[in-house]
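Trainee: Below are the sequence and a predicted model; questions follow.
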Amino acid sequence: MESDFIPYNPSIIEPKWQKKWEQSRIYEIDFKDKKKEKFFSLTMFPYPSGDLHIGHWYAFTPADAYSRYMRMRGFNVLHTQGFDAFGLPAENAAISRNINPMKWTFENIDNMRSQFLLMGNSYDWNRELVTCEPKYYKWNQFFFLKMLEKGIAYRKNGAVWWDPVDQTTLANEQVVDGKSERSGAEVIRKMMPQWYLKITDYAEELLNMDDLGWPEKIKHMQKNWIGKSEGTTVEFTIEKSNETISTFTTRVDTIFGVTFLVLAPEHPLVDLVTTEEFRPKIEKYVKNAAKSSEIERTSTEREKTGEFTGQYVKNPMNGDKVPIFVGDYVLNTYGTGAVMGVPAHDQRDFEFARKYKLNIKFVISKDNDPKEVLNKAYIGKGTLVNSDQFDGLENRVAMDRITEFMERKKVGVKTTTYHLRDWLISRQRYWGTPIPVLYDKEDNIHPVPLGELPVVLPEAKEFKPTGQSPLTLDDSFLWYEHPELGKLRRETDTMDTFVDSSWYHLRFASDPDGINPFSDKEIREWLPVHQYTGGAEHAVMHLLYARFFNKVLRDLGFINFDEPYQNLFNQGVLLKEHQKISKRANPLAPDPLVKEYGADAVRLYLMFLGPWDQGGDWSDDAFNGITRWLNRIWELCVRDSSKLKKSVDDDPNLERLINYTTKKIHRDLDKFKFNTSISALMELSNEMNKYWDNNIGEKQWKKCIKILIVLLSPMAPHISEELWEINGYRFSVHQESFPGWEESLIKSETKTIIVQINGKMRAQFSIEGDTSEEKIISEALNLKKVKENIGTQEVKRSIYVQDKLINFVL
RNA sequence: GCCGAGGUGGCGGAAUGGCAGACGCGCUGGUCUCAAACACCAGUGGGGAAACCCGUGCGAGUUCGACUCUCGCCCUCGGCACCA
């Protein structure tokens, strides 16, 4: 049998349309368009590691489908892509394979760009940005100098986290469980002068996330990380000395219960307070504490230890003599590095007091009985006892009263502390933005003049991590001839690459002129980002830094909005057979799949396998289901409808289904529910197939096919473009409006009424649109099934839910 | 320990307090084929011959009616964790 049926062949149609889209420039933003509302749809850009893996597809193709949908909804959509191109892998490749990092990076970018084209995403590539290009990182330097001017960037000597594998310092956020977030190596403490950005100045503002359309989980993580804590700083005077020790407490109401004080081993006063008699023991203890890792020291399982210094302080409230200990469970990095010990009302202090046989003084009582015997700390509410003039006060009230009292006596002050530390941005590595400052012989800081930016990263020959930036080896970079100051030394550390991604969205939204970091006019129109998507792993790194950067740029007068990303959606993690996908152990490369089944199949399957935010499990078997469906869709849409009858009325049920499906897809795509959108399209196509054999008219068929193709197009852009053409419509389906729906057509003339007896479904029947309740009840009671089930029992109550259900209660 | 998300067929997953299991995979049967694969059609939660009963982690509760709401518990995953 001869047939003119053209089979679905994605390997031909996909490149065909990719080329056509590029030539016709349909995804380029129309800046002249003033009518359409602007919509900035951004996904977190990738690191150019070499290949786009399936995880990238999982992140990028649903975001593209959403962007296409919004474009078809009539928005002027900015959807861009670029490369987060600075960072260690390039440098490590240079070390291990002797390749120039620049060359390595740009080769990867070229490869990944061509892989991006295979996805069929609707990016405006004119806006591509690559962060390792001088024209981009120049502005990192520019913002840095502006921050330096305002005191937001500063250099400080202090204890820093050091990654012994990558041989560089890290920011607090990049240390997870005492390990480097990147290398996995256990970090150590070092004393070094480093560059910081004063993110702590914005701690309070960063806590306010009420107006952000972000997942609660991420907001929570950020709030947790910022870690606001309100309390009182209390000064304890050292006996026979004028020196005081500051302690921070959130429970100043327990001040009369203080029976000891603990200093962190690194506390600067340890040396001063230690008496000669106890010095050998204390020195040994401090030395040991320095040796044990942060993981050991912060383990909750570990028993608290300490060592008496031989010295005492005076409780500022009652003059009690309080022994001073050194204990490594006290962290020098939080609060003041010293705590007051109240064993009766803090479990850690309780254990410590038990171990060292210290007094336990009870000052908060649940029931006003001061004689209560304790076998663990009482940390609940109560009234004060043993607390002089504050006795009888409710403890919450006492906190304020005692703090006020202390402030009058100048022995204490209300204090807010944060867990958040300033952002350490200097790195002792090569492949990053050079920090644009100069030092004279006395180590005074001189900013590089703005006019001399960018400070270009020179080509380097040696990259071995030595603990010093490889730039120190380059004399021509290192030395700077200043007209007045003479020979100056350049800063050789480079910036944390999270600086690059802290403002890249502004650059994407701009047609840069080279004179400015971004275009004010366009920033006003496109920002803040309306929809941002990406992984949750950036919750307290990138996402926090970018919010901070935004507020700084606002305060420097560059922008006028408070938050960079108005709405955020986190996709979940894609697994394969319940295991993490990795290049070696459990590979899943998209390119062969694209070659064999087409990009549309891969896109659709990734969107179909489950709700996007929950992640999912790739299954080769289930993937077959999508390719099968695509073939069915193809076959359905290329049928010759001229064979159909010309003069048949539209079928109202099909009309209803098409309106219902359209509505459902709107609702689902608005919530990123791609999986149920695709299900709805499958139902529609299955039903349409049945209608084909059932006397459908040509006019209605063509209309349904047209809508089906348009509804499918954001998710499967290539096949829908081809089917659009085959059905005789003009290029491009992606420039069509997304169809609306008619609510009145969704409502059916006849309704199916479910009949329940005692809440259990027993029967169902159909009624016409506006049948009265009485009639429905009598009709239901007449059903054979219903009669059987009721039997001789009495119907006590009938509950009728309009057009849906009737429940008889016996 | 604290905070968050979740627990539904053999599997991935659907269900504004109203038919539990949409859609897909897999499986079973059929059509096509010399045969197989593909494709297509039908069936598919468990028990039962059937009527019907049971069934959304467990236990209570609210309700005419609960996967959905409330309380208590168990488990899984993610985050935080000596933060004074």
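Mentor: Structure's in. What do you need?
Trainee: Tell me where the stretch 51-200 of chain A has helices.
Mentor: In the stretch 51-200 of chain A, the helices defined using DSSP state H, counting those that start in this stretch lie at A:54-72, A:88-97, A:101-119, A:134-149.
Trainee: Quickly compare these and say which is most buried.
Mentor: helix A:54-72 (a mean of 23; mean count of other CB atoms under 10 Å). For every residue, glycine as well, the C-beta is placed using N, CA and C.
Trainee: Report the angle between it and helix A:101-119.
Mentor: Calculated by axes from the mean of the first three to the mean of the last three CA atoms, to 10 degrees, helix A:54-72 forms an angle of 60 degrees with helix A:101-119.
Trainee: Give the other helices and strands that the strand or helix carrying residue A:774 contacts.
Mentor: Element membership for residue A:774 (DSSP states H and E) is helix A:773-781. Counting contacts by 3 or more CB pairs under 8 Å, 6 or more residues apart in numbering; DSSP states H and E, helix A:773-781 packs against strand A:750-757, strand A:760-768, helix A:784-790, strand A:797-801, strand A:805-809.
Trainee: Can you give me the end-to-end span of stretch A:661-677?
Mentor: End-to-end span of stretch A:661-677 (CA to CA, to the nearest Å): 8 Å.
Trainee: For that stretch, which outside residues touch it?
Mentor: With CB atoms under 8 Å, 6 or more residues apart in numbering as the test, stretch A:661-677 has contacts from A:62, A:65-66, A:69, A:569, A:607-613, A:680-681, A:683-684, A:707, A:711, A:714-715, A:738-741, A:743, A:746.
Trainee: Report the residue spans of chain A with pLDDT below the cut-off.
Mentor: Low-confidence segments of chain A (pLDDT under 70): A:1-4, A:293-301, A:367-374, A:512.
Trainee: Could you break it into its assigned domains?
Mentor: Under the assignment automatic domain parsing, the domains of chain A span A:229-417, A:575-745, A:749-809.
Trainee: ends of the first one, how far apart?
Mentor: So that's domain A:229-417. Start-to-end span of domain A:229-417 (CA to CA) is 5 Å.
Trainee: Please produce a markdown table containing the helices of the stretch 51-200 of chain A, extended by distance to residue A:789.
Mentor: Formatted as a markdown table, the helices of the stretch 51-200 of chain A follow (distance: least, CB to CB, whole Å):
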| stretch | distance to residue A:789 |
| --- | --- |
| helix A:54-72 | 48 |
| helix A:88-97 | 70 |
| helix A:101-119 | 57 |
| helix A:134-149 | 74 |
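Trainee: which bits of the stretch 201-350 of chain A sit near RNA strand B?
Mentor: Contact residues, the stretch 201-350 of chain A versus RNA strand B (CB under 7 Å from any atom of the strand): A:216-217, A:220-221, A:224-225, A:227, A:229, A:231, A:248-251, A:264, A:297-300, A:302, A:304, A:328-332, A:334-335, A:337, A:339-340, A:346, A:348.
Trainee: Could I get the full set of strands for the stretch 101-250 of chain A?
Mentor: A:153-163, A:168-170, A:175-176, A:179-180, A:188-197, A:229-238, A:244-249 (DSSP state E, counting those that start in this stretch).
Trainee: oh sorry, the question was meant for the stretch 251-400 of chain A
Mentor: Using DSSP E, counting those that start in this stretch, the strands of the stretch 251-400 of chain A run over A:260-263, A:307-314, A:321-326, A:338-341, A:364-365, A:383-384.
Trainee: Break down the stretch 551-700 of chain A into its helices, ranges please.
Mentor: Assigned by DSSP H, counting those that start in this stretch, the helices in the stretch 551-700 of chain A fall at A:590-597, A:599-608, A:620-637, A:652-670, A:674-692, A:698-712.
Trainee: In the third one, which residues are buried?
Mentor: With burial defined by 16 or more other CB atoms under 10 Å, the residues of helix A:620-637 counted as buried are A:623, A:626, A:627, A:629, A:630, A:633, A:634, A:636, A:637.
Trainee: hmm, back to that, columns distance to RNA strand B on top of the helices of the stretch 551-700 of chain A, output as CSV?
Mentor: Output for the helices of the stretch 551-700 of chain A, formatted as CSV (distance: least, CB to the nearest atom of the strand, whole Å):
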stretch, distance to RNA strand B
helix A:590-597, 11
helix A:599-608, 7
helix A:620-637, 3
helix A:652-670, 8
helix A:674-692, 3
helix A:698-712, 13
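Trainee: Pick the most buried one from the ones you listed.
Mentor: Compared across the helices of the stretch 551-700 of chain A, helix A:599-608 shows the largest average neighbour count, a mean of 26 (mean count of other CB under 10 Å).
Trainee: Kindly calculate the angle that it makes with helix A:674-692.
Mentor: Orientation note: helix A:599-608 sits at an angle of 120 degrees relative to helix A:674-692 (the same axes, to 10 degrees).
Trainee: next one: helix A:599-608 to chain centre, how far?
Mentor: Chain-centre distance of helix A:599-608: 24 Å, with CA atoms, centre = their mean, to the nearest Å.
Trainee: Residue A:605: what's it in contact with?
Mentor: Contacts of residue A:605 by CB under 8 Å, 6+ apart are A:618, A:622, A:623, A:626.
Trainee: switch to 6 Å and redo it
Mentor: Contact analysis of residue A:605 by CB atoms under 6 Å, 6 or more residues apart in numbering lists A:623, A:626.
Trainee: shouldn't residue A:785 be in contact with residue A:761?
Mentor: No. Here residue A:785 does not reach residue A:761: they are 10.2 Å apart, not a contact under CB atoms under 6 Å.
Trainee: Between these two, tell me which one has more neighbours.
Mentor: Using other CB atoms under 10 Å, the more surrounded residue of residue A:785 and residue A:761 is residue A:785, with 14 against 11.
Trainee: To what extent is the closest residue to RNA strand B within the stretch 651-800 of chain A buried, counted in neighbours?
Mentor: Nearest residue of the stretch 651-800 of chain A to RNA strand B (CB to the nearest atom of the strand) works out as residue A:759 at 2.8 Å. A count of neighbours around residue A:759, defined by other CB under 10 Å, yields 9.
Trainee: Which single residue of the stretch 401-550 of chain A ends up nearest RNA strand B?
Mentor: Distance from RNA strand B to each residue of the stretch 401-550 of chain A (CB to the nearest atom of the strand) is smallest for residue A:419, at 3.8 Å.
Trainee: Out of the helices of the stretch 551-700 of chain A, which is closest to residue A:465?
Mentor: Shortest distance between residue A:465 and these, using CB to CB, is found for helix A:590-597: 33.2 Å.
Trainee: Turn the domains of chain A into JSON lines, including distance to residue A:54.
Mentor: Shown next, in JSON lines, are the domains of chain A (distance: least, CB to CB, whole Å):
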{"stretch": "domain A:229-417", "distance to residue A:54": "34"}
{"stretch": "domain A:575-745", "distance to residue A:54": "5"}
{"stretch": "domain A:749-809", "distance to residue A:54": "43"}
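Trainee: Those domains: which one's closest to residue A:541?
Mentor: Checking the domains of chain A against residue A:541 by CB to CB gives domain A:229-417 as the closest, at 18.7 Å.
Trainee: Look up which residues are beta-bridged to residue A:752.
Mentor: For residue A:752, the beta-bridge partners under DSSP bridges are residue A:766.
Trainee: I'd assumed residue A:248 was in contact with residue A:234.
Mentor: No. With contact defined as CB under 6 Å, residue A:234 does not reach residue A:248; the gap is 7.9 Å.
Trainee: Find residues that contact each of these two.
Mentor: With CB under 6 Å, 6+ apart, residue A:234 and residue A:248 have no common neighbours.
Trainee: between those two, who's got more neighbours?
Mentor: Between residue A:234 and residue A:248, residue A:234 has the larger neighbour count (other CB under 10 Å), namely 28 against 20.
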